[in-house]
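[1] the sequence and its predicted three-dimensional model are supplied below.
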Amino acid sequence: MVPITTLHYLVVAAALFVLGLIGVLTRRNVVIVLMSIELVLNAVNLNLVAFSRMWGNLHGQVFSIFIVVDAAAEAAVGLGILIAFFRNKETINVDEIDLLKW
Amino acid sequence: MSYFGSQLSPGVAGNQLWALIYISIIFAGVSVAVMAMNWLERKALAHFQVRLGPMRVGPHGLLQPIADALKLLLKEDIIPAEADQFVFWIAPLIGLLASFTVYTVVPFGPSQAVSDMNIGILFMLGVSSLGVLGIVMAGWASNSHYPLIGALRSSAQMVSYEVAMGLAVVSAILMTSLNESGTGTLSMIEIVRAQQQQGIWFIFKFFPLGLIAFVIFAIAMVAETNRAPFDLAEAESELTAGFHTEYSGLRWSLFMLAEYAAMIAVSSIAVTLWLGGWMRPFPNALSAPAWEFLFSLFPALTFGGLAGIGFLGAARMPSHSFFKIQRAGLAVFAALLGLLALLLLVIAIAGRNADNSIAARFREGIDYVYWFVLKVAVFMYLFIWYRATWPRYRFDQLMKIGWKVMLPISLGVLIVTAIVGVIVK
Amino acid sequence: MTPGMAPVATPFFFYLLSGLAVLGGVLVITRRNAVHSALALIVTLLAVSGLYLMLYAPFVAGVQIIVYAGGIMVLFLFVIMLVNIERTAKERQFNRIWPAGVLAAVALLGLFVSVYVKGKRLFPDSNLPLPETSNTQQIGVMLYGNYMFSFEIASLLLLVAILGAVIMAKKRI
């Protein structure tokens, strides 16, 4: 079989990225949109770690740790916003969250 | 078999056959240990409450776990009507997976582990935090109020105490870096080796810092496994058994198996990080061959003592015809334990020299495993003791302790350990 | 390299893990039930953690399991249980302009594929094996050395996120 090269990992990361992008653009449920964002961040992480291995140093891995930290913070804040909004309008569909003030 | 001579665990040596053998031994051992814990819990709780516990099924209730297992297997498998079938089915499996996968890195000896990952302790903490997912899904999939509240409370508690647990573990890892080369390690086997090189168990190091870190971990691990006094989420009087209310028969036994296996796993973390793992007491101070021989007799003496207790119990049974079978059964069990003691004595005597013969290596391996299992067994008994003695914490008290008491103390211990470590160097 | 560091059956594990990851990704964006999506995302995260292990990044793999699969996904499941309303199960799950979204994403995928096919020599096959023995220590040295400033900012970010999430989710400020 073909030996596994960096390109294989990049293709997997691209696939995950595109799947996450489709999720963000097409789903109506806010929680699933947030989960698709997590998919996108994971794809980016995979890319970074694959390149870190290709170049042979650890900068990519260190930066991917920062991205994990950032994803955690963003998920927490995003879900906090969702809960605050849900308390006011009783909906979790992005189509219906369309007024700046009501 | 080329693996026999190497001093590496099978995972590191790349030997798949022996890795599989170790995995099966560990799996069988943990299952037997869970059944023994079930028996011990009921007997010990009963004796704490001045009653006898199960006495009928075998002599002194020794066959009670088998009867329980049979009953659970034969029970009807009830699934709530509105429950989410797939998630209901998979929740106990996730809990079981999380509890059993950690045994890949538990070090029973310097080469008696399935695999020595160099992120061993990180792996154990991470995989045991996957158990929370099983609980959350079990509570949600039951589609009923008590399980949902129980699952939310239980998972909130586990997540809170994971933080204190992680910080206590980090302060122990800091102590591994106080050797000559200045490098610490996350590998479980190397942590015990670091304690061996520094000549002191980490619980006694920088007294009282090691002790405080150990106490924080001991409290956090009780809360992590939802055991008393932190078992509000599954207490019968408050929440009708919490997240596993709707599970019956075999599924409930999977949860129980996962809980006991998680107890043994976190106890083995505590033993490895603070209590010296597989090392016998005083390996450096009392290292003369006579002391080595004396300490190597301990496994045989332990089983001999157990056999003696068994024979004493058989002798004290009432001499009525109804008790003939029980008396004979207990005598046979004690005789089996005595035979095991004799076998261990033969191995200890045959391998008493420190040469590399088969008998010596066998003896060393058995000693390592024995001391490790003894220390973990002490923790298991402590779990039962806590359950019998202490009243339950209310949930808000529990969360207050987790965040306002344990977290600052463990952070303080970590900082002071780091400062003292730098000063000492 | 010492025995045991040479990877065993690498193509098999790579295809297994990446297949699981992509399958999990597809399930995340197509399931009607949010809990099923969360479960699929957990599968994806664990598979990606396995891919990190294959890329000689054990510390990042451990961090992924602890933080992502054991922390963030528990948070997601909590929130799904809190905002679970019955009527979402019967509504449509994709919004009205979904063809445009899929088209844009497929166009991006086409761009990726063209870049990877044309620039194949930019991604050399020579995988320099990183010494695996002290990966954690090297990451620690780098984190507290080169990336010290980013480290402090990341901790500040986490503090802000904790405060923000607590305040926004409270019933009364």
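    Ah, there it is.

[2] where's B:Gly11 relative to B:Met188, distance?
    With distances defined as CB to CB, to the nearest Å, the gap from B:Gly11 to B:Met188 amounts to 12 Å. Any C-beta I mention is one placed from the backbone N, CA and C, and that applies to glycine too.

[3] out of the two, which sits in the more crowded spot?
    More neighbours surround B:Met188 than the other of B:Gly11 and B:Met188, with 25 against 20 (other CB atoms under 10 Å in any protein chain shown).

[4] can you give me phi and psi for that one?
    Torsion angles at B:Met188 (phi, psi; degrees, to the nearest 10) stand at phi -60, psi -40.

[5] in chain C, which residue sits nearest chain A?
    Checking chain C residue by residue against chain A with CB to the nearest CB singles out C:Gly101 as nearest, at 3.0 Å.

[6] B:Ile219 contacts B:Val405, doesn't it?
    No: counting by CB atoms under 8 Å, B:Val405 is not a contact partner of B:Ile219; they are 9.3 Å apart.

[7] pLDDT weak spots in chain C?
    Across chain C, the stretches falling below the confidence threshold (pLDDT under 70) are C:1-8, C:86-89, C:125-133, C:172-173.

[8] domain assignment for chain C?
    Each structural domain of chain C that the record assigns through automatic domain parsing is listed here as a residue range: C:8-90, C:129-173.

[9] follow-up on the earlier one: neighbour count: B:Ile219 and B:Val405, which is higher?
    Set B:Ile219 next to B:Val405 and count neighbours by other CB under 10 Å: B:Ile219 wins out with 22 against 13.

[10] quick one: that one from B:Ile401, how far?
    Here the distance between B:Ile219 and B:Ile401 works out to 8 Å (CB to CB).

[11] check B:Met263 too.
    With the distance defined as CB to CB, B:Met263 ends up 20 Å from B:Ile401.

[12] swap in B:Leu301?
    Taken as CB to CB, the span from B:Leu301 to B:Ile401 is 40 Å.

[13] who has more neighbours, those two?
    Between B:Leu301 and B:Ile401, counted using other CB under 10 Å, the more crowded position is B:Ile401 (18 against 14).

[14] once you drop chain neighbours, what's closest to that one?
    Leaving aside its chain neighbours, B:Ile401 sits nearest to B:Tyr393 (7.2 Å; criterion: CB to CB, 6 or more residues apart in numbering or on different chains).

[15] on the three-state scheme, that neighbour is what?
    Per DSSP: H, G, I helix; E, B strand; the rest coil, the secondary structure class of B:Tyr393 is coil.

[16] count of neighbours near it?
    Neighbours of B:Tyr393 under the rule other CB under 10 Å: 19.

[17] rewinding a little: what do B:Gly11 and B:Met188 both touch?
    Both B:Gly11 and B:Met188 are contacted by B:113, B:116, under the criterion CB atoms under 8 Å, 6 or more residues apart in numbering or on different chains.

[18] would stretch B:109-117 count as contacting chain C?
    Yes: Stretch B:109-117 is in contact with chain C by CB under 8 Å from any CB of the partner chain, via B:Met117.

[19] and that stretch, end to end?
    End-to-end span of stretch B:109-117 (CA to CA, to the nearest Å): 14 Å.

[20] next: stretch C:45-62.
    For stretch C:45-62, the separation between the terminal residues is 11 Å (CA to CA).

[21] buried sites along that stretch?
    Within stretch C:45-62, the residues that qualify as buried by neighbour count (16 or more other CB atoms under 10 Å in any protein chain shown) are C:45-62.

[22] which ones, among the residues you listed, also lie beside chain A?
    Judged by CB under 8 Å from any CB, the overlap between the buried residues of stretch C:45-62 and the neighbourhood of chain A comprises C:45, C:48, C:51-52, C:54-57, C:59-60.

[23] out of the residues you listed, who's nearest C:Val83?
    Closest approach between those and C:Val83, by CB to CB: C:Leu45, at 21.6 Å.

[24] now do the closest residue to chain A within the stretch 151-300 of chain B: how many residues are near it, please.
    Closest approach of the stretch 151-300 of chain B to chain A (CB to the nearest CB) occurs at B:Val159, with a separation of 12.6 Å. The local packing of B:Val159 (other CB under 10 Å) involves 19 other residues.

[25] for C:Ile139, what are its contacts?
    Residues in contact with C:Ile139, defined by CB under 8 Å, 6+ apart, are A:58, A:61-62, A:65, C:59.

[26] pretty sure it belongs to a helix, no?
    Yes: assigned with three-state DSSP, C:Ile139 falls within a helix.

[27] how near is it to C:Leu51?
    With the distance defined as CB to CB, C:Ile139 ends up 18 Å from C:Leu51.

[28] A:Asp70 now?
    In this structure, A:Asp70 and C:Leu51 are separated by 20 Å, where distance is defined by CB to CB.

[29] try B:Leu301
    Taken as CB to CB, the spacing of B:Leu301 relative to C:Leu51 amounts to 50 Å.

[30] now do A:Leu41
    As judged by CB to CB, A:Leu41 and C:Leu51 stand 15 Å apart.

[31] so what's the residue count around B:Lys75?
    Neighbours of B:Lys75 (other CB under 10 Å): 14.

[32] what's near enough to touch the closest residue to it other than its chain neighbours?
    The shortest distance from B:Lys75 to any residue that is not its chain neighbour, by CB to CB, 6+ apart, is 3.4 Å, and that residue is B:Gly249. B:Gly249 is in contact with B:72-78, counting by CB under 8 Å, 6+ apart.

[33] what's the longest helix in chain A?
    Using DSSP state H, we find that the single longest helix of chain A is helix A:59-89.

[34] is that one in proximity to chain B?
    No: Helix A:59-89 does not reach chain B (CB under 8 Å from any CB); its nearest approach is 12.5 Å.

[35] contacts only, for residue 68.
    I went with chain A, as the question did not name one. By CB under 8 Å, 6+ apart, A:Val68 lies in contact with A:45, C:60, C:63-64, C:67-68.

[36] think we crossed wires, I meant chain C
    Contacts for C:Tyr68 (CB under 8 Å, 6+ apart) come out as A:38, A:42, A:68, A:71-72, C:45, C:49.

[37] between all of these, which two are separated the most?
    Comparing all pairs in the contacts of C:Tyr68 by CB to CB, the longest separation belongs to A:Ala72 and C:Ser49, at 15.1 Å.

[38] and the residue in chain A that chain C sits nearest to, what element?
    Minimum separation of chain A from chain C (CB to the nearest CB) falls at A:Leu25, amounting to 3.0 Å. Using DSSP states H and E, A:Leu25 falls within helix A:6-26.

[39] can I get that helix in PDB, CA atoms only?
    Output in PDB follows, covering the C-alpha atoms of helix A:6-26 (Å, rounded to 0.1, in the frame of the first residue of the first chain):
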ATOM      1  CA  THR A   6       1.500  14.200   5.300                       C
ATOM      2  CA  LEU A   7      -0.800  14.700   2.400                       C
ATOM      3  CA  HIS A   8      -3.100  12.000   3.700                       C
ATOM      4  CA  TYR A   9      -3.600  13.800   7.000                       C
ATOM      5  CA  LEU A  10      -4.200  17.100   5.200                       C
ATOM      6  CA  VAL A  11      -6.900  15.500   3.100                       C
ATOM      7  CA  VAL A  12      -8.600  14.200   6.200                       C
ATOM      8  CA  ALA A  13      -8.400  17.600   7.800                       C
ATOM      9  CA  ALA A  14      -9.900  19.200   4.600                       C
ATOM     10  CA  ALA A  15     -12.800  16.800   4.700                       C
ATOM     11  CA  LEU A  16     -13.500  17.500   8.300                       C
ATOM     12  CA  PHE A  17     -13.300  21.300   7.600                       C
ATOM     13  CA  VAL A  18     -15.700  21.100   4.800                       C
ATOM     14  CA  LEU A  19     -18.100  18.900   6.800                       C
ATOM     15  CA  GLY A  20     -18.000  21.400   9.600                       C
ATOM     16  CA  LEU A  21     -18.600  24.300   7.200                       C
ATOM     17  CA  ILE A  22     -21.600  22.600   5.700                       C
ATOM     18  CA  GLY A  23     -22.900  22.100   9.300                       C
ATOM     19  CA  VAL A  24     -22.500  25.800  10.100                       C
ATOM     20  CA  LEU A  25     -24.100  27.000   6.900                       C
ATOM     21  CA  THR A  26     -27.100  24.700   6.700                       C
END
